[in-house]
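Peer 1: here are the coordinates; sequence isn't available:
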């Protein structure tokens, strides 16, 4: 695996967007790993929470948009409570989900779902855009 | 002569000894000896009641010798000897039997063997003690002057502190200006104040201090003598300029047509052949570099017969022509001066490995430089006036990569240790780049960030949170040229993938080593150093400023790489040691020294060849060895090499040692 840094990650627009949505300075993370070691969902994640921050600090938002981690995050706030530099990780996860949702891409065409009348409407609506595996 | 009333005191050392060794049984066994009148145990012999026990017993039983069985003599020999001396016993009639490190600790799993070994160690010590002589300490006179070698921040601090106490101090610096490496720095972590602001006052204090005699552009040529009485020869290198007349106006610099790499700017700039080290040099004096001066080179070649000068030829003398005080005389004015001092502080500082030593990291390219060189590019007084420019084309870089641990923590390609200061100065440099050029992209490739100092971790977090420095964890493997840029190939060990980035400039935080001149000085002073050029202290924790040679101390980065805070502290510390030494009119010295029996000595000189302290001479008339008591350290190298046992160390005589070994080596 190889990643080429094309420009200063601090200048990356999508990184800036995540900072703006979450209100968190993702560059203050110094990679202690406490978020990952305490995360109750970490064992099911493909990218550990601390790695999420490393990807962001390297300007690699694409990897995160294709990762399962932000959708597995249960927003339980364990990491947020424990972060030594006071980062709200759950807010950052939410920002990554937002970035994905704001693409306005429907992953499921409601007209192609069988028995759609019997499904609860809320499940239908979240299915439109949610990028869960 | 032999002692008949010996007292033996066995220490429990809490459970350190008593937990393994059966101290009661040891005391009983030893008590059976005829020459022992008292054999007892106590929980802590080094405590006040323990010492009182020795004092009282010496008086009560009229003891003529004492053995204390406890820990290593390096810890409490002095304590026990003083206790006996208070009761009127000669302190050299007290011996330590080390049953903690030799019996209790190594045989924790076998208490029976440990107990038997302890008995044997004590018996051997008693045998040795019985032939001990009563001795009195030797007194040597003291010269109340000090020498400091190295005019960096540690050396300056030491010199100032000693001079402030009223002791005349000589400061020798090999460069034309004092200030050392610190004066090369742009700003200092973690407070970001510039050396020009905080160091120049100190430099001026040194230059103007009535008790400091400053020799810049000078080297220590030879050292003779011993603690309290050193004779030092100092070589003042040739400047070709009369410094008594030179005013430092700098007119000569403007007209000089010849150039060479600037030593002060570490090859980041050129200087003229006649030069002043830098604008704030102390002393502010011009000197000529012999190797690049047109006139001096010409004269040298004429002298060697390589050139035959035509008549009436005009050789360059532009500098001398403009010099108003007529200071420039082109004469080799090298001279050797002699100084007498009582104590010496070595503060020779450090160097960093050159970038060229790391070709795989691009050290062969002009735009890949060391951090110390980059300091000059960041310095407001430096060749680029504080805005870094690429050495190759003068372009202001838009992106810079910093690489930590280049050669450090890398015994295969550099040094095994951590160079301590690189993490902090690299972070500082990254910040300063952002100060100078806000839009520049800064990448910092580190393995660990080691920020163990007051305000250091906070400084690191500031760089991360506020300055926009990109930190990537993983060591860079190679740097190579791609067009106009340099491609840095590293790894991000946190996400587990290779990271590549193209930058305009690469700064390598190369490993620090001892100053290249330190080995020569160490040999002259007979003090030890390690393979990386760091001077060895007597004890890393408890005697970090002392060397095995009495009266010689070390300070600053000469001991090991350290930051400014620590260097200044050590400078002051070494100064305190010197003041304590020079505060007495006479010095007391342990009398455990080599003694020659002139009846036996054949004057073969083998002892003289072995002596590391130059303490032995051969009397030319009587043709026997003579020991200088002030120089002798009582190491015993002479005694071991004497074919006739004529030279022996007092209280370590051949008979004594062999009797002790006999007891120790008896078959179980």
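Peer 2: That came through fine. Keep in mind that this is a model prediction, so the values were computed, not measured.

Peer 1: got the domain boundaries for the chain?
Peer 2: All of this is about chain A. A:9-102, A:106-133 (automatic domain parsing).

Peer 1: oops, I was thinking of chain B
Peer 2: For chain B, whose domains are defined here by automatic domain parsing, the residue ranges read B:6-135, B:145-237+B:340-349+B:552-586, B:251-333, B:351-513, B:591-650.

Peer 1: Tell me which of the ones you listed sits most buried.
Peer 2: Here the criterion is mean neighbour count by mean count of other C-beta atoms under 10 Å in any protein chain shown, and of the domains of chain B the winner is domain B:145-237+B:340-349+B:552-586, at a mean of 22. Every residue, glycine included, has its C-beta placed from N, CA and C.

Peer 1: could you pull out the helices for chain A?
Peer 2: Using DSSP state H, the helices of chain A run over residues A:13-22, A:34-38, A:49-57, A:61-65, A:69-72, A:78-82, A:89-101, A:121-129.

Peer 1: one step back: and the domains of chain A, which one's lowest on average pLDDT?
Peer 2: Note on the domains of chain A: domain A:106-133 shows the lowest mean pLDDT, a mean of 73.

Peer 1: contacting residues for residue B:272?
Peer 2: Taking C-beta atoms under 8 Å, 6 or more residues apart in numbering or on different chains, we find residue B:272 in contact with B:253, B:256, B:258, B:259.

Peer 1: With residue A:57 instead?
Peer 2: The contact partners of residue A:57, by C-beta under 8 Å, 6+ apart, come to A:9, A:26, A:27, A:29, B:470, B:471.

Peer 1: I figured the fifth one hits residue B:445, correct?
Peer 2: Spelled out, it's residue B:470. No. Using C-beta atoms under 8 Å, residue B:470 and residue B:445 do not qualify as a contacting pair, with a distance of 9.4 Å.

Peer 1: picking that back up, dump the helices of chain A into a markdown table; add distance to residue B:316 as well.
Peer 2: Converted to a markdown table, the helices of chain A look like this (distance: least, C-beta to C-beta, whole Å):
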| stretch | distance to residue B:316 |
| --- | --- |
| helix A:13-22 | 60 |
| helix A:34-38 | 69 |
| helix A:49-57 | 58 |
| helix A:61-65 | 64 |
| helix A:69-72 | 73 |
| helix A:78-82 | 73 |
| helix A:89-101 | 68 |
| helix A:121-129 | 82 |
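
Peer 1: Could you say which of those helices is packed most deeply?
Peer 2: helix A:49-57 (a mean of 25).

Peer 1: Report the angle between that helix and helix A:89-101.
Peer 2: Put simply, helix A:49-57 runs at 60 degrees to helix A:89-101, going by axes from the mean of the first three to the mean of the last three C-alpha atoms, to 10 degrees.

Peer 1: If I take helix A:49-57 and helix A:13-22, what angle do their directions form?
Peer 2: Taking the same axes, to 10 degrees, helix A:49-57 and helix A:13-22 form an angle of 130 degrees between their directions.

Peer 1: ok now helix A:49-57, how far from the chain's centre?
Peer 2: A distance of 10 Å separates the C-alpha centroid of helix A:49-57 from that of its chain, computed with C-alpha atoms, centre = their mean, to the nearest Å.

Peer 1: so who does residue B:474 touch?
Peer 2: Applying C-beta under 8 Å, 6+ apart, the residues contacting residue B:474 are B:445, B:447, B:490, B:491, B:492, B:493, B:494, B:499.

Peer 1: Taking the residues you listed together, which two end up most distant?
Peer 2: Spatial extent of these (C-beta to C-beta) is set by the pair B:447 and B:499 at 13.9 Å.

Peer 1: what does chain A have sitting close to chain B?
Peer 2: Along chain A, the residues adjacent to chain B under the rule C-beta under 8 Å from any C-beta of the partner chain are A:1-5, A:7-11, A:25, A:27-28, A:30-31, A:47, A:50-51, A:54-55, A:57-58, A:85.

Peer 1: you'd agree residue A:23 is up against residue A:91?
Peer 2: Yes. Between residue A:23 and residue A:91 there is a contact at 6.5 Å, judged by C-beta under 8 Å.

Peer 1: pLDDT weak spots in the stretch 1-150 of chain B?
Peer 2: Within the stretch 1-150 of chain B, the ranges that satisfy pLDDT under 70 run B:1.

Peer 1: Could you rerun that using 80?
Peer 2: Under the criterion of pLDDT under 80, the regions of the stretch 1-150 of chain B flagged as low confidence span B:1-2.

Peer 1: which residues touch the closest residue to chain A within it?
Peer 2: With distances taken as C-beta to the nearest C-beta, the stretch 1-150 of chain B approaches chain A most closely at residue B:150, which sits 37.1 Å away. Residues in contact with residue B:150, defined by C-beta under 8 Å, 6+ apart, are B:172, B:173, B:180, B:346, B:347, B:348, B:349, B:515, B:556, B:558.

Peer 1: again with residue B:265
Peer 2: With contacts taken as C-beta under 8 Å, 6+ apart, residue B:265 has the following neighbours: B:271, B:376, B:382, B:383.

Peer 1: Make TSV out of the residues you listed and add pLDDT and secondary structure.
Peer 2: Written out in TSV, the entries for those read as follows (pLDDT from 0 to 100; DSSP: H, G, I helix; E, B strand; the rest coil):
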residue	pLDDT	secondary structure
B:271	95	strand
B:376	96	helix
B:382	92	coil
B:383	93	coil
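
Peer 1: And those residues, which is closest to residue B:568?
Peer 2: When those are ranked by distance to residue B:568 (C-beta to C-beta), residue B:376 comes first, at 22.4 Å.

Peer 1: Distance-wise, check that closest one relative to residue B:61.
Peer 2: 73 Å (C-beta to C-beta, to the nearest Å).

Peer 1: Right, I'll leave it there.
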